[in-house]
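Peer 1: Dropping the sequence and predicted coords here.
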Amino acid sequence: MRVFTDLDRLEAAVGEPLGVSSWHDVSQERVLAFADATGDFNWLHTSPERAAATAFGSTIAHGYLTLALTSAFAEEMYRLDGVAMRINYGLDKVRFVRAVPVGARVRGRGVLRRVDRRPGAALVAITMTVETEQPAEVVCVAETLTYVTE
């Protein structure tokens, strides 16, 4: 985990990798919990029997579940001390490159793209690449935005 003691040190690292998270299991239970939380019960996510007959061969994770995991990945990659608060601000360009089959393991790779300073705050942009373990494939690329206050 990279540790930054303030925004100046974070800003000095623009362009550098932040690291790689641990692997996270994408179980059917996790997918069903996400469906419960969001109300998205599409059978491609919730019906293993029906999904088995598709080109995917199994149920797949919601794209937004994959995207939601980027927050957990970032928590494992870096810590920013000396600030009052960090909150999700939004996303820029998001692409779901491949489906994530249920049973896969995913992890994130982060690269610090920009730190836009504002009075008493900053907007931090990280390119997060999500990949599966077996096979090793990129499944999602997103630029995450975090608003930081000093």
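Peer 2: All right, it came through fine. No experiment lies behind these values; they were computed from the predicted model shown. Numbers count the residues shown, from 1 in each chain.

Peer 1: end-to-end on stretch 69-88?
Peer 2: 13 Å (CA to CA, to the nearest Å).

Peer 1: Same check on stretch 49-68?
Peer 2: End-to-end distance of stretch 49-68 (CA to CA): 26 Å.

Peer 1: And stretch 78-89, by the same measure?
Peer 2: Terminal residues of stretch 78-89 lie 17 Å apart, using CA to CA.

Peer 1: what comes up buried for that stretch?
Peer 2: Y78, L80, V83, R86 (16 or more other CB atoms under 10 Å). Bear in mind the C-beta positions are built from the backbone N, C-alpha and C, glycine included.

Peer 1: And the average pLDDT for the longest helix seen in the chain is what?
Peer 2: Counting by DSSP state H, the longest helix found in the chain is helix 63-77. If you average the pLDDT over helix 63-77, you get 97.

Peer 1: where's the residue nearest to the spatial centre of the chain relative to L112, distance?
Peer 2: Central residue of the chain (CA atoms, centre = their mean): T70, 1.6 Å from the mean position. Distance of T70 to L112, computed by CB to CB, to the nearest Å: 14 Å.

Peer 1: again, but for F73
Peer 2: Distance of F73 to L112, given as CB to CB: 14 Å.

Peer 1: ditto for M1
Peer 2: Taking CB to CB, one finds M1 at 14 Å from L112.

Peer 1: which strand residues sit across from I87 in the sheet?
Peer 2: Y147 (DSSP bridges).

Peer 1: so it makes contact with L145?
Peer 2: No - the criterion here is CB atoms under 8 Å, and I87 misses it with L145 at 10.0 Å.
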